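Asks: build the 3D model from these lines:
(one chain, ligands or ions: 1)
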Amino acid sequence: MKSPFFLKVTAVLVILIVFTSCQERQIPVYDLGETDLVQENLIPYPLSVKAGQGGFALDQYTGIFTTAEDEAFEEVGVYLANRINGKTGLSLMVNDGGTQRLDRSIHLVQKEDLEVSGNEAYEISIGRDTLVLSARTAEGAFRGIQTIRQIIPDTPIDTLAEFPIWRIPAGKILDRPNFEYRGSMLDVARHFFSVEDVKKYIDLLAYYKINFLHLHLTDDQGWRIEIESWPKLTEIGGSTEVGGESGGFFTQEDYKDIVAYAAEQYMTIVPEVDMPGHTNAASASYLFLNGAEKPARLYEGTHVGFSTFDTRKDTVYQFIDDVVREISAITPGPYFHIGGDESHVTKKEDYRYFVSRVEKIVQKYGKRMIGWDEVATADLDSTSIAHFWASKENVEKANAKGMQVLLSPANKTYLDMQYDTLSEYGLHWAAYIPVDTAYVWTPETYSGVPRDRILGIEAPLWSETISNIDELEYLAFPRMIGYSELSWTTENNRDWEKFKVRLANQAPFLDRMDVKYYPSPRIDWAKSKYSYKDIKKD
Ligand code: TNX
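Replies: Residues are numbered from 1 along each chain as shown. Presented below is the predicted three-dimensional model:
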C-alpha cells in the first residue's frame with residue numbers, strides 16, 4: 001500500500017529537459033514521485049498488471065492520436081477525450097498534431113500482433129511521455145479506454161506547475177475478458193423506464209466493460225415495444241404497470257435510439273418477448289391470443305404464471321412471426337430472447353411444441369434464440385441458448401443437447417433480491433444477496449456445465465418493486481460492479497478482500513455520475529456522500 005506521504009506527493013518540477021528534434025522546444029518532464037499501477041482501483045481487474053517507474057503527466061498539453069486508417073478508432077479517441085473532459089475539465093485534441101503545443105501523447109493503435117488473444121483484447125503501456133493502448137479492434141480499444149478512465153485520478157496532484165496535472169502510474173497492462181457475454185437485464189415491463197433512464201444505465205455498465213443489455217420488453221403487466229402491424233399491443237397493453245401507474249412504451253424509433261446509443265459503447269441489446277406465459281398484456285390487447293381459462297384483462301398485480309398464449313392456433317404463430325420480424329429488423333445483435341419461463345398454465349406437451357415452433361421463427365429472422373432454462377425441456381437446436389435462472393436439471397438437459405448456457409442463478413445474480421432484511425426495495429424469494437454473496441461464487445463451475453459451454457453471466461433486474469431510476473440504481477449498484485468482475489476477470493485474479501477495497505474506491509465515480517447506490521456497511525466507502533453509518537444492519 002502507498003503511504004499518505006506518497007499519495008500527497010509534491011512533484012518536483014523540471015528535473016530533466018528533453019529536446020525534440022522537430023520543435024526545438026523544451027518539453028518539461030516532471031518527477032511524479034512513486035506510483036504503483038498494481039494497486040490502482042481497477043474493476044474489473046485486468047489479466048496482468050505490471051508497475052513501472054514514475055508516471056505519465058496528463059495535462060492540457062496532452063494530445064490523443066488514433067490509427068488513421070480506422071475511423072472507429074478515432075471515434076473511440078473522441079469518446080475518451082469527452083470522458084476525460086467530464087472527469088478533469090481538460091479539453092484534449094484528437095488527431096491534431098500541428099496547431100498547438102503538445103508535450104505528451106496518448107495513442108490508440110490498431111495492432112494484430114498482441115500478447116493476448118481475442119477481439120476485445122487490449123494492451124496498455126504507460127511511460128513518461130506516451131501512453132499507448134493497442135488493440136486488434138475498436139471494440140478492444142473501447143474496453144481499454146475504460147481502464148484508462150479508471151487510472152486517471154479524481155484530483156490533480158500538487159505541483160509547482162501553473163496548471164493542473166493528473167498523474168497516471170507507469171506500467172503495463174495486458175487484458176482480455178474471461179467470458180464473452182457480460183450482461184445485465186432490465187425489466188421495463190413491470191414498471192416502465194424511459195429512454196433516458198436506460199441510457200444512463202448503459203453509461204454506467206459500459207464503464208465496467210459490460211457488453212450486453214437484455215431488455216425484458218413484455219410481461220403480464222405491460223407490453224413496451226411498438227409493433228406496427230399490431231398497434232393495440234402498446235395502445236392497450238402498454239397503458240398499465242404494477243401498482244396502477246401509467247405505463248408507457250418505446251416506439252420503434254425510441255428502441256433504435258437505445259440500440260444505437262448502446263452500440264456507440266460497444267454494447268449489444270438483447271430484446272425479450274416473454275411467451276407463452278407472462279403474456280397477459282398481449283392477450284388483453286388481442287383476445288384471440290389467450291389460451292388461459294379466464295378472459296384476459298389488464299393486470300397490475302405481481303403474481304406470475306397465470307397467463308398463456310393459445311399454442312394450438314396458427315394465427316398465434318402468425319402474430320409471433322410479425323413481432324419477431326419487426327423487432328429483429330431493428331435489432332442488429334445476434335440474439336432474440338423468447339422468455340419461456342413460468343408457463344404454469346400451459347400443458348407441458350403444448351409448451352414444448354410452442355417453444356420448438358417459435359425457435360424456427362426466430363431462426364427465420366436470422367437470430368439465435370435464448371430462452372429461460374425451461375426451454376431446454378423442448379426439442380431444440382444446439383445453436384439455441386438456455387438461460388439458467390432456477391433449474392440445474394434443465395441446464396443439464398440443455399448441455400446434453402449441446403446448447404450453450406447463460407448464467408443468471410437467482411440466488412446469486414438477481415439484482416431484485418434484497419441486500420438484507422432491512423433493504424428498502426426488492427424481493428427475497430431466492431435469497432438475500434449482500435455485496436459479498438453476489439461476488440463470492442465461481443461461475444466457471446457453479447452450474448455443472450463444462451466451462452466451454454458457458455456463454456457468460458447476466459444479472460437481471462426485475463422491476464416489481466422499483467419504479468424510477470433512483471430505485472433501479474439502489475438495487476443495481478454496487479452489486480453490478482461485482483458481476484462485471486466475475487464475468488471479465490479470471491478466477492485467479494478474483495479475491496473478495498482485494499475487490500472490497502477497489503469497490504470502496506468506486507464511490508467518487510458513482511457520486512460524480514449521481515448514482516444512488518446502496519452504501520452497504522460491509523464496504524468502507526471512500527468519501528461517499530451517503531452516510532452508511534445510518535444503515536443499522538446489513
Ligand atoms: C421470476 S426469473 C421471474 C420473473 C420475476 C422474478 C422476480 C424468471 C425467468 N421469472 O417473472 O419478475 O422472478 O424476482
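
Asks: when you work out contacts or count neighbours from here on, use the C-alpha atoms and nothing else.
Replies: Noted.

Asks: check contacts around residue 36.
Replies: Residue 36 makes contact with 2, 51, 52, 169, 170, according to C-alpha atoms under 8 Å, 6 or more residues apart in numbering.

Asks: residues of the stretch 251-400 of the chain that sit close to the ligand?
Replies: Within the stretch 251-400 of the chain, the positions near the ligand by C-alpha under 6 Å from any ligand atom are 341, 372, 389.

Asks: which ones among those map onto strands?
Replies: Counting by DSSP state E, the members of those that fall within strands are residue 372.

Asks: grab the nearest non-local neighbour of whichever residue of the stretch 1-150 of the chain sits closest to the ligand.
Replies: Residue nearest to the ligand within the stretch 1-150 of the chain (C-alpha to the nearest ligand atom): residue 44, separated by 25.9 Å. Nearest in space to residue 44, with sequence neighbours left out and distances taken as C-alpha to C-alpha, 6 or more residues apart in numbering, is residue 485 at 4.2 Å.

Asks: quick one: neighbours of the closest residue to the ligand within the stretch 401-538 of the chain, just the number.
Replies: For the stretch 401-538 of the chain, the residue closest to the ligand is residue 462, as judged by C-alpha to the nearest ligand atom, at 4.8 Å. The tally of other residues near residue 462 (other C-alpha atoms under 10 Å) stands at 23.

Asks: same thing with the one 4 residues further on?
Replies: When counting by other C-alpha under 10 Å, one arrives at 24 neighbours for residue 466.

Asks: in what helix or strand does the residue nearest to it when sequence neighbours are not counted lie?
Replies: Residue nearest to residue 466 in three dimensions, not counting chain neighbours: residue 472, with 6.3 Å by C-alpha to C-alpha, 6+ apart. Using DSSP states H and E, the secondary-structure element containing residue 472 is helix 469-476.

Asks: following that helix, which helix or strand shows up next?
Replies: Heading towards the C-terminus - elements assigned by DSSP H and E - helix 469-476 is followed by helix 479-488.

Asks: grab the most central residue of the chain for me.
Replies: Here the mean C-alpha position of the chain is nearest to the C-alpha of residue 210 (C-alpha atoms, centre = their mean), at a distance of 3.1 Å.

Asks: just confirm that residue is within a helix.
Replies: No: Residue 210 sits outside any helix when classified using DSSP: H, G, I helix; E, B strand; the rest coil, being coil.

Asks: tell me how far it lies from residue 199.
Replies: With distances taken as C-alpha to C-alpha, to the nearest Å, residue 210 is found 14 Å from residue 199.

Asks: got any ranges where this structure has weak pLDDT?
Replies: Across the chain, residues meeting the criterion (pLDDT under 70) sit at 1-24, 528-538.

Asks: how does it look with 80?
Replies: Low-confidence regions of the chain, defined by pLDDT under 80, span residues 1-25, 97-99, 158-161, 527-538.

Asks: what residues does it put near the ligand?
Replies: Proximity of the chain to the ligand is assessed by C-alpha under 6 Å from any ligand atom, with 341, 372, 389, 416, 462 identified as the residues in range.

Asks: by neighbour count, which of those wins?
Replies: residue 416 (27 neighbours).

Asks: what residues are up against that residue?
Replies: Applying C-alpha under 8 Å, 6+ apart as the definition, the contact partners of residue 416 turn out to be 425, 426, 427, 460, 461, 462, 463, 465, 475, 476.

Asks: give me the nearest residue to it, chain neighbours excluded.
Replies: Once its chain neighbours are removed from consideration, residue 416 has its nearest residue in residue 426; the separation is 4.8 Å (C-alpha to C-alpha, 6+ apart).

Asks: one more: residue 150?
Replies: The shortest distance from residue 150 to any residue that is not its chain neighbour, by C-alpha to C-alpha, 6+ apart, is 6.2 Å, and that residue is residue 42.

Asks: can you pull the contacts of the closest residue to the ligand within the stretch 301-450 of the chain?
Replies: Here the stretch 301-450 of the chain gets closest to the ligand at one residue, residue 341, 4.8 Å apart by C-alpha to the nearest ligand atom. Residues touching residue 341, when contacts are defined by C-alpha under 8 Å, 6+ apart, comprise 274, 275, 277, 278, 371, 372, 373, 374, 375.

Asks: which SS state does the fourth one fall under?
Replies: Meaning residue 278. At residue 278, secondary structure determined by three-state DSSP is coil.
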